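Asker: sequence below, structure please.
(one chain, ligands or ions: 2)
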Amino acid sequence: MAKDPVRVLVTGAAGQIGYALVPMIARGVMLGPDQPVILHMLDIPPAAESLNGVKMELVDAAFPLLKGVVATTDVVEACTGVNIAVMVGGFPRKEGMERKDVMSKNVSIYKSQASALEKHAAANCKVLVVANPANTNALILKEFAPSIPEKNISCLTRLDHNRALGQISERLNVQVSDVKNVIIWGNHSSTQYPDVNHATVRTPAGEKAVRELVADDAWLNGEFITTVQQRGAAIIKARKLSSALSAASAACDHIRDWVLGTPEGTWVSMGVYSDGSYNVPAGLIYSFPVYCQNGEWKIVQGLSIDEFSRKKLDLTAEELSEEKALAYSCLS
Ligand SMILES: NC(=O)c1ccc[n+]([C@@H]2O[C@H](COP(=O)([O-])OP(=O)(O)OC[C@H]3O[C@@H](n4cnc5c(N)ncnc54)[C@H](O)[C@@H]3O)[C@@H](O)[C@H]2O)c1
Ligand SMILES: O=C(O)C[C@H](O)C(=O)O
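Answerer: Ligands and ions are numbered 1, 2, ... in the order given. Model (predicted):
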């Protein structure tokens with residue numbers, strides 16, 4: 001019997017990530033090749049015409065899995081009945097703007113969208129925040145949607161995770177699909193800590209530690225980390241636009257693994273509400289290694305953290321605490 005369609009909201013759908021993301025969702029990349037979907041696309045009134053153009057293209061693409069499209073600038077209509085919400089819309093930093101100005105705009109967007117989701121989304125709606133500052137936007141959304149369980153609110157660090165896999169695969173000249181269990185700790189910002197201490201590569205001789213195969217701690221503790229941390233900025237420099245296809249693809253990976261589960265023995269990175277694991281302050285949205293099963297994530301426990309890593313976990317937590325304070329100061 002055919003499955004019932006899942007309603008997927010994409011905010012900021014007329015933007016560049018939205019343009020890459022909606023066809024992926026409509027093709028089954030996010031929820032699987034046998035899962036029909038109804039797309040809800042939200043943008044703001046100045047982008048309404050462009051949003052309608054995206055809707056026209058979705059119709060023209062004749063995606064077999066796409067059972068309906070709602071394209072709207074009305075947040076209530078957009079949120080009504082959605083099972084998955086991918087929050088890409090936000091206010092970008094413009095020339096001459098202070099961090100606080102951008103934070104203030106995004107805090108007010110995420111506060112009002114939190115209320116709309118809380119009131120109108122389907123029960124058990126899973127939320128992924130992509131728009132920057134992703135962790136703190138997700139935290140604001142959580143705070144202003146108290147009836148949405150905290151386990152249902154996350155932010156995207158899978159792009160950083162995938163970037164780390166990509167760097168290791170290039171360095172070792174191995175297939176990216178043979179590399180696993182890197183970790184992104186912390187903020188989706190340049191303080192994030194890409195950690196390879198538990199990462200492995202599948203080789204003809206069995207699984208080997210990435211550290212052993214790379215055999216260059218100076219590179220792993222230096223250039224590798226900064227390359228992943230700075231990759232977003234490098235893409236902006238090269239394209240004059242921020243990453244879009246890789247961000248859209250990572251958003252699909254994030255939701256797919258969350259809903260359908262991570263493969264046995266493999267973890268991924270997700271920004272989730274900290275419960276104090278690994279001595280990360282509780283009450284931040286912080287990126288951890290997680291396993292997913294039956295539609296729920298669980299933080300991987302018991303990994304050893306050396307002194308080098310500890311400092312990096314703490315540094316990115318400090319930045320998130322500062323962002324949290326800044327966000328709250330914008331609310332008052
Ligand atoms: N977490 C990540 O890994 C990651 C990666 C890349 C980009 N990003 C972030 O994702 C966001 C989107 O990037 P983009 O390149 O698509 O930007 P974009 O400017 O092309 O698109 C953003 C869209 O959001 C819309 N928008 C603005 N306010 C809105 C609101 N209140 N409600 C609904 N829509 C609204 C805009 O009209 C625009 O169409 C940015 O914040 C970017 O920094 C995050
Ligand atoms: O939009 C940005 O600042 C960069 C983006 O978050 C990215 O990681 O590519």
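
Asker: for the rest of this, base every contact and every neighbour count on C-alpha atoms.
Answerer: Fine.

Asker: centre-most residue in the protein?
Answerer: residue 156 (1.3 Å; CA atoms, centre = their mean).

Asker: which pLDDT value belongs to that residue?
Answerer: If you check residue 156, the pLDDT there is 98.

Asker: ok, it to residue 186 distance?
Answerer: 11 Å (CA to CA, to the nearest Å).

Asker: name the residues contacting each of those two.
Answerer: Common neighbours of residue 156 and residue 186 (criterion: CA atoms under 8 Å, 6 or more residues apart in numbering): residue 271.

Asker: can you classify the nearest residue to residue 275 once chain neighbours are set aside as helix, strand or coil?
Answerer: Nearest non-adjacent residue to residue 275, counting by CA to CA, 6 or more residues apart in numbering: residue 282, 4.8 Å away. What DSSP: H, G, I helix; E, B strand; the rest coil gives for residue 282 is coil.

Asker: isn't residue 282 right up against residue 317?
Answerer: No: using CA atoms under 8 Å as the test, residue 282 is too far from residue 317 to be in contact (10.1 Å).

Asker: and the two? Which one has more around it.
Answerer: residue 317 (24 against 12; other CA atoms under 10 Å).

Asker: now do the same contact list for the residue nearest to the centre of the chain.
Answerer: 128, 129, 130, 134, 135, 188, 250, 251, 254, 270, 271.

Asker: of all of the stretch 51-200 of the chain, which residue lies closest to ligand 2?
Answerer: Distances between the stretch 51-200 of the chain and ligand 2 by CA to the nearest ligand atom are smallest at residue 132, namely 6.3 Å.

Asker: any idea which element that residue lies in?
Answerer: Using DSSP states H and E, residue 132 is not contained in any helix or strand.

Asker: what about the nearest residue to it once chain neighbours are set aside, how many residues nearby?
Answerer: Nearest residue to residue 132, sequence neighbours excluded (CA to CA, 6+ apart): residue 90, at 7.3 Å. Number of residues near residue 90 (other CA under 10 Å) recorded here: 23.

Asker: what residues does the chain put near ligand 1?
Answerer: 11-18, 42-44, 47, 88-92, 109, 130-132, 134, 156-157, 159, 242-244, 247 (CA under 6 Å from any ligand atom).

Asker: what's around the nearest residue to residue 194 once chain neighbours are set aside, how many residues?
Answerer: Excluding the flanking residues, the one nearest residue 194 by CA to CA, 6+ apart is residue 184, at 4.6 Å. Residue 184 has 30 neighbours, counted by other CA under 10 Å.

Asker: just say helix, strand or coil for residue 184.
Answerer: Quick answer, by three-state DSSP: residue 184 is strand.

Asker: and the pLDDT for it?
Answerer: Reported pLDDT for residue 184: 99.

Asker: let me see the contact set for it.
Answerer: 157, 160, 161, 192, 193, 194, 195, 269, 287, 288, 289.

Asker: let's see 6 Å
Answerer: 161, 193, 194, 269 (CA atoms under 6 Å, 6 or more residues apart in numbering).

Asker: can you report phi and psi for the third one?
Answerer: Reported as degrees, to the nearest 10, the phi and psi values for residue 194 are phi -80, psi 120.

Asker: next one: it from residue 277, what distance?
Answerer: 17 Å.

Asker: do the second one as well
Answerer: From residue 193 over to residue 277 the distance is 16 Å, taken as CA to CA.

Asker: how about the strands in the stretch 101-250 of the chain?
Answerer: Taking DSSP state E, counting those that start in this stretch as the test, the strands found in the stretch 101-250 of the chain are 126-129, 153-155, 179-180, 183-185, 193-195, 200-203, 206-209.

Asker: can you name the residues in contact with the second one?
Answerer: Meaning strand 153-155. 127, 128, 129, 134, 135, 271, 272.

Asker: local confidence estimate at the fifth one?
Answerer: pLDDT, residue 135: 97.

Asker: look at the closest residue to ligand 2 within the stretch 101-250 of the chain and say how many residues are nearby.
Answerer: Distances between the stretch 101-250 of the chain and ligand 2 by CA to the nearest ligand atom are smallest at residue 232, namely 3.4 Å. Neighbourhood size, residue 232 [other CA under 10 Å]: 20.

Asker: quick one: it from residue 221, how far?
Answerer: 19 Å.

Asker: ok, now residue 34?
Answerer: Residue 34 is 42 Å from residue 221, by CA to CA.

Asker: please enumerate the helices of the stretch 151-300 of the chain.
Answerer: For the stretch 151-300 of the chain, the helices defined by DSSP state H, counting those that start in this stretch cover 158-172, 210-214, 217-221, 223-229, 231-239, 245-260.

Asker: let's have those in JSON lines, adding distance to residue 140.
Answerer: What follows is the helices of the stretch 151-300 of the chain, written out as JSON lines (distance: least, CA to CA, whole Å):
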{"stretch": "helix 158-172", "distance to residue 140": "20"}
{"stretch": "helix 210-214", "distance to residue 140": "37"}
{"stretch": "helix 217-221", "distance to residue 140": "33"}
{"stretch": "helix 223-229", "distance to residue 140": "24"}
{"stretch": "helix 231-239", "distance to residue 140": "23"}
{"stretch": "helix 245-260", "distance to residue 140": "20"}
